[in-house]
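Engineer: Predicted structure and sequence below. I'll ask about it afterward.
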Amino acid sequence: MKIVEVESFVLHAPIPRRVTDAFNQADKWGLPGVRIRTDEGLEGTGYTSTLTHGDFAIKDILDRIYAPLLLGEDPLDTQRHWDRLYWSDAHWVGRLGITHMALAAVDIALWDLKAKHCGLPLWRLAGGHKQGQVRSYNTDGGWLNFEVPRLIDEMSRIVDQGWSGVKMKIGKDDPREDLRRVAAVRDALGPDIDLMIDVNQRWNRTRAVAWAERFAEFDIGWLEEPIDPDDVEGHARIADATSIPIAVGEHVYTRTAFRDLIVRGNIGVVQVDATRVGGITEWLAVAELANSYHVPVIPHHADMMRVHQHLGVAHPGSPMIECIPWLQELFHEPADIRAGVFHVSETPGASTTFTDDAFAQYRVA
């Protein structure tokens, strides 16, 4: 079996409402990616995600550097292709960011194609640790632009739908306002709901050390991205200053960086995202690394849970995944979520296949 076509694309899809955190704001989701076809008629789809910034830079890497290296090759050799693309000409201009996100799109497409070739859903091919189900927590009610009444209303409705874990954004200019918001949410939800908080890198090391432990009285499951994810020593200082586990990973791009954050930074939750870390191949490597240190893997999901539902079921180190239930209407098989639990499809592949209508409607020329 040989690769005969590598078709890149960019989709811009609207999300249900405008949302903000301490770092970003969005009303659209960008999906730059690739469809890889073989001489046997199989097709694999992979993509990364943006807030529509840099989409065409990613597409350019796919077209100019990665596609020529894939044509005529056997698509099943996923590790070989990962290494060839990582050490390609793209390595000179950037081992992280745009080049790595483009690599993620290719790698996900190849795994999707491999799973289809084997007649298996990705979760079975990648390990099959759980029997097709994985718990999730929901982030969609906790946005920073929501005033407290709306925050409580939306998060309470999520709990009423069956979720037992929720996350909210913090990172206001005055941390006292964050404390008041978290206190109000905890009071409204009660003690039996897991509550996580996410700073989205808004704090510096000094503020994080001074303020992190003040949130502990609200029984916080983890404190996410308190500072720049590249500041390994800073994470160690914060971990020493609070009883709350520190979670990092959505902006971490390599297994080496994860190694340092686990070993030297003492982080408590690994949030590795396949669309950022270079795809499924590297995600599995990071998950194995984290599992060897008994640190749970609870992935960030810029793919809208398509691939990560499979990975959460597949790997023993992943007890839970994130859920923001957007854009499910773009795909042939929307996620099946019941009372906060993903029931992952038995359909062969990685659940990344778009409907023809959605692909045509949201594709950007």
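Structural biologist: Structure's in. What do you need?

Engineer: Which strand or helix spans residue 195?
Structural biologist: Secondary structure assigned from DSSP states H and E places residue 195 in strand 194-198.

Engineer: which residues make contact with the next helix or strand after that strand from outside it?
Structural biologist: Sequence order places helix 205-211 as the next helix or strand after strand 194-198, per DSSP H and E. Applying CB atoms under 8 Å, 6 or more residues apart in numbering, the external contacts of helix 205-211 come out as 175, 199, 203, 226-227, 231, 234, 237-238, 241. The C-beta positions use only the backbone N, C-alpha and C, and glycine is treated the same way.

Engineer: export those to a markdown table and tack on secondary structure, distance to residue 363 and pLDDT?
Structural biologist: Listed next are these as a markdown table, based on DSSP: H, G, I helix; E, B strand; the rest coil; distance: CB to CB, whole Å; pLDDT from 0 to 100:
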| residue | secondary structure | distance to residue 363 | pLDDT |
| --- | --- | --- | --- |
| 175 | helix | 43 | 97 |
| 199 | coil | 35 | 98 |
| 203 | coil | 38 | 98 |
| 226 | coil | 38 | 98 |
| 227 | coil | 37 | 98 |
| 231 | coil | 38 | 98 |
| 234 | helix | 41 | 98 |
| 237 | helix | 46 | 98 |
| 238 | helix | 42 | 98 |
| 241 | helix | 48 | 98 |
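
Engineer: from those residues, which single one is nearest residue 12?
Structural biologist: Distance to residue 12 across those (CB to CB) is lowest for residue 199, with 27.8 Å.

Engineer: give me the number of residues near the closest one?
Structural biologist: 24 (other CB atoms under 10 Å).

Engineer: Next, name the residue at the spatial heart of this protein.
Structural biologist: Compute the mean C-alpha point of the chain, and by CA atoms, centre = their mean the closest residue is residue 301, 2.3 Å away.

Engineer: Not counting sequence-adjacent ones, nearest residue to that residue?
Structural biologist: For residue 301, ignoring the flanking residues on the chain, the nearest one in space by CB to CB, 6 or more residues apart in numbering is residue 308 at 4.4 Å.

Engineer: helices or strands next to the helix or strand where that neighbour lies in the packing?
Structural biologist: Using DSSP H and E, residue 308 falls within helix 306-314. On a contact count with 3 or more CB pairs under 8 Å, 6 or more residues apart in numbering; DSSP states H and E, helix 306-314 meets helix 122-125, strand 133-138, helix 280-292, strand 320-323, strand 341-343.
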